[in-house]
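Q: What follows is a protein structure lacking sequence information:
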Ligand SMILES: [Zn+2]
């Protein structure tokens, strides 16, 4: 091995209750509120106050200057967190902004450029109504070629979902039912999370008003909600949110000095694809062509993939690339057996199903059956979106990839129920004294990951965490990642 | 819109305010309207042909084949040596599609509409476009509604289509739309 990256830990973090609108917060308020939670939690762990002076660099991630109503908002965040004149970088890349922020923070430490990094993500989407918001989001499609055809991102995902169902011969009724199951699962999981936009525990949840906005939801209710864009119905779509989240990363040596139970980052995969979904070739045997077969895919599966048109509009090649890298880096041979909890970027129920396959949790075309079997439930083979995901927790774009890592950190520490309970106690005066309905903890979780996804799959990050320090020995440097697409002189 | 301070009392849910003990949060209203002059650069050729000659142009790389939307540089080898080819009369079909009942704000009054990804000729890529089932807007809406109500919308995938050019082009992708040509199938939606 020519180079060994420095080892990096997540040592703490925070998140704010997500909401359709948080009028009590502007962008800096949201970030400071999240940071306050991280400070409090770190101070408890350390037995002394966690102060700004421990942090030597900041990464700020937010997706949209339009939604923020602000250019260079990162300057205001650095200021409000009291970190000037130290280093601050902005990470940005559509829906993967949060995941890119975390991986940027990782890189700063792994490379030796920094020792303790705060990664704070936020998005404030309540400045405009939903239709205007859809138009803002659609500015992240090709504005010469795609935007003018409706200005509506959901339509691209919907057409891709239809192509997916066609490619794998899934009848419409079956597919709609499978997609409903994703929403049911994620909304159910969200109910135990007091920070989730759809949880009754959240002081800022919508009470009353339209049906099914808050609380659990049944498959029938999903299927009765109107189409936004066929085959996607309203309750197959993620939420627009005001929210912020933060994680504090540290080098191994410093992590050990500060806290008792750091969680280790052992894999950081990242893949890309074209902006326009229509530009992705239908390559017969594409998984082979682009060298994207995973180690757990047996001979028979590989033979089947030789005939599969890939990625075209049926799958997210960037997601598969991110998974292949992260698994290689962390030496994970069988993701379904080894991974315990994965926070997937469920922008739509369809994309969660497609992503199971990209992440190698089930074969291509079997994602719907996978969720129907219960394998993705908290007590299933691998808990997918125990936080509630983008459908249940909310989608505060620049912060989503950050809270994915924060909640996974809590899962791997084994104290997520305790953290949720203590915050719910504070929320009780504002949530009718509700108790958490069921545990959020995934039993015996050891390996977890956050999957953060941009555009119609233009950028995907996949970040793997472990609570076993010995897993750090698995790490292989990505500069040696073997791929037919990369020539090393 | 004049910039004036608004008390959000009327637009914020009462229970939201309860958390913070009913303070009066204030928002300002800002006019965010802008006009931009966004160049098409080397793809100008496509938009001129579309608007002025009612033609669809694709590009071809000698090594990597046909592209529509046209690519002025080959995305596979970055070659600038691309041939512009009239693709107007090439066979076209809907590869995949979605009926939209909601849209970005500027497009809300067009709903429901059909967004399709169109495959033409030998192009390796597909192009997004509005697709119509009927030139009559009311009938088009009825047919789209029928496809949704009966969950037959997947039947759109693979349908043959033809391009139509609008009479007052604006030099945007909306200067064309496609229309489904399979009369027999269309009759089942009437
Ligand atoms: Zn070429």
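A: Perfect, thanks for sending it. These numbers were taken from a predicted model, which means no experiment stands behind them.
Q: how about low-confidence regions in the stretch 201-350 of chain A?
A: A:209-210 (pLDDT under 70).
Q: All the helices of it, residue numbers only.
A: Applying DSSP state H, counting those that start in this stretch to the stretch 201-350 of chain A gives helices spanning A:219-224, A:252-258, A:286-289, A:299-305, A:317-330, A:335-338, A:349-358.
Q: how long is stretch B:125-143 from one end to the other?
A: In stretch B:125-143, first residue to last residue: 28 Å (CA to CA, to the nearest Å).
Q: I misspoke; the intended subject was stretch A:106-120.
A: With CA to CA applied, stretch A:106-120 spans 13 Å between its terminal residues.
Q: Give me the domain ranges for the chain.
A: Assuming you mean chain A. Annotated domains of chain A cover A:8-129+A:241-265, A:147-239+A:267-414+A:438-476 [automatic domain parsing].
Q: Switch to chain B, please.
A: Partitioning chain B according to automatic domain parsing yields domains covering residues B:7-36, B:41-187.
Q: Out of those domains, which one sits most buried?
A: Burial of these is given as mean neighbour count (mean count of other CB atoms under 10 Å in any protein chain shown); domain B:41-187 ranks first at a mean of 18. Backbone N, C-alpha and C define where each C-beta goes, glycine included.
Q: still on that earlier bit, make CSV from the helices of the stretch 201-350 of chain A and add mean neighbour count and distance to residue B:80 to it.
A: As requested, the helices of the stretch 201-350 of chain A are arranged in CSV below (neighbours: other CB atoms under 10 Å in any protein chain shown; distance: least, CB to CB, whole Å):
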stretch, mean neighbour count, distance to residue B:80
helix A:219-224, 16, 50
helix A:252-258, 17, 49
helix A:286-289, 19, 26
helix A:299-305, 13, 35
helix A:317-330, 26, 26
helix A:335-338, 17, 42
helix A:349-358, 28, 34
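Q: Any idea which of the ones you listed gets closest to the ion?
A: Of all these, it is helix A:286-289 that lies closest to the ion, at 16.1 Å by CB to the ion.
Q: Next, see if the helix or strand residue A:188 falls within gets close to chain B.
A: Following DSSP states H and E, one finds residue A:188 within helix A:172-190. Yes. Residues of helix A:172-190 contacting chain B under CB under 8 Å from any CB of the partner chain: A:172-173, A:176.
Q: can you pick the most crowded of these?
A: Within those, residue A:176 tops the neighbour count with 26 neighbours, counted by other CB atoms under 10 Å in any protein chain shown.
Q: Quick check: that one touching residue A:223?
A: Yes. Between residue A:176 and residue A:223 there is a contact under CB atoms under 8 Å: 6.2 Å.
Q: what touches both of these two?
A: The overlap between the contact sets of residue A:176 and residue A:223 (CB atoms under 8 Å, 6 or more residues apart in numbering or on different chains) consists of residue A:233.
Q: Contact partners for the residue in chain B that chain A sits nearest to?
A: Residue nearest to chain A within chain B (CB to the nearest CB): residue B:104, separated by 2.6 Å. Contact analysis of residue B:104 by CB under 8 Å, 6+ apart lists A:131-132, A:134-135, A:138, A:147, A:150-152.
Q: out of the residues you listed, which one sits closest to chain B?
A: Using CB to the nearest CB, the shortest approach to chain B within those belongs to residue A:151, at 2.6 Å.
Q: How much space separates the residue in chain A positioned nearest to the ion from residue A:218?
A: Nearest residue of chain A to the ion: residue A:281, at 12.5 Å (CB to the ion). Distance of residue A:281 to residue A:218, given as CB to CB, to the nearest Å: 40 Å.
Q: Compare the two (neighbour count), which wins?
A: Per other CB under 10 Å, whichever of residue A:281 and residue A:218 has more neighbours is residue A:281, with 21 against 15.
Q: Can you say which helix or strand has the residue nearest to the more buried one when sequence neighbours are not counted in it?
A: Counting by CB to CB, 6 or more residues apart in numbering or on different chains, residue B:124 is the residue found nearest to residue A:281 once chain neighbours are left out, at 5.2 Å. In the assignment (DSSP H and E), residue B:124 maps to no helix and no strand.
Q: Tell me which helix or strand comes right after the helix of greatest length in chain B.
A: Criterion DSSP state H: the longest helix present in chain B is helix B:137-149. Downstream of helix B:137-149, the first helix or strand assigned by DSSP H and E is strand B:160-165.
Q: mean confidence score for that following strand?
A: Averaged across strand B:160-165, the pLDDT comes to 98.
Q: who touches it?
A: For strand B:160-165, contacts defined as CB under 8 Å, 6+ apart pick out B:50, B:54, B:56, B:88, B:91-94, B:116, B:118, B:131-132, B:135, B:175-182.
Q: is the next helix or strand after it up against chain A anywhere?
A: Going down the chain from strand B:160-165, the next helix or strand is strand B:176-180, by DSSP H and E. No. On the criterion CB under 8 Å from any CB, strand B:176-180 is out of touch with chain A, staying 9.2 Å away.
Q: Quick check, pLDDT for the nearest residue to residue A:38 once chain neighbours are set aside.
A: Distances taken as CB to CB, 6+ apart place residue A:14 nearest to residue A:38, at 3.8 Å, with adjacent residues excluded. If you check residue A:14, the pLDDT there is 98.
Q: which element is residue A:14 on?
A: Taking DSSP H and E as the definition, residue A:14 sits inside strand A:8-15.
Q: Strand partners (parallel or antiparallel) of that strand?
A: Applying DSSP bridges to the sheet, strand A:8-15 is found paired with strand A:242-251 (antiparallel), strand A:263-272 (antiparallel).
Q: possible to save the ones you listed as a markdown table with mean neighbour count?
A: Below are the strands paired with strand A:8-15 laid out as a markdown table (neighbours: other CB atoms under 10 Å in any protein chain shown):
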| stretch | mean neighbour count |
| --- | --- |
| strand A:242-251 | 30 |
| strand A:263-272 | 25 |
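Q: Okay, now the unreliable bits of chain B?
A: Scanning chain B for pLDDT under 70 picks out B:1-24.
Q: Now do the helices in it.
A: B:14-19, B:44-48, B:137-149, B:183-187.
Q: Give me the helices and strands touching the longest one, please.
A: Helix B:137-149 sits against strand B:92-100, with contacts defined as 3 or more CB pairs under 8 Å, 6 or more residues apart in numbering or on different chains; DSSP states H and E.
Q: Would you mind getting the angle between the strand it packs on and helix B:137-149?
A: 80 degrees (axes from the mean of the first three to the mean of the last three CA atoms, to 10 degrees).
Q: Near the ion, which residues of chain B? Just list them.
A: B:61, B:63-64, B:74, B:76-77, B:79 (CB under 5 Å from the ion).
Q: So which of those sit within strands?
A: Mapping these onto strands (DSSP state E) picks out residue B:61.
Q: I'd like the residues of chain B next to the ion as JSON lines, with distance to residue A:454 appended.
A: Formatted as JSON lines, the residues of chain B next to the ion follow (distance: CB to CB, whole Å):
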{"residue": "B:61", "distance to residue A:454": "28"}
{"residue": "B:63", "distance to residue A:454": "30"}
{"residue": "B:64", "distance to residue A:454": "26"}
{"residue": "B:74", "distance to residue A:454": "25"}
{"residue": "B:76", "distance to residue A:454": "23"}
{"residue": "B:77", "distance to residue A:454": "26"}
{"residue": "B:79", "distance to residue A:454": "28"}
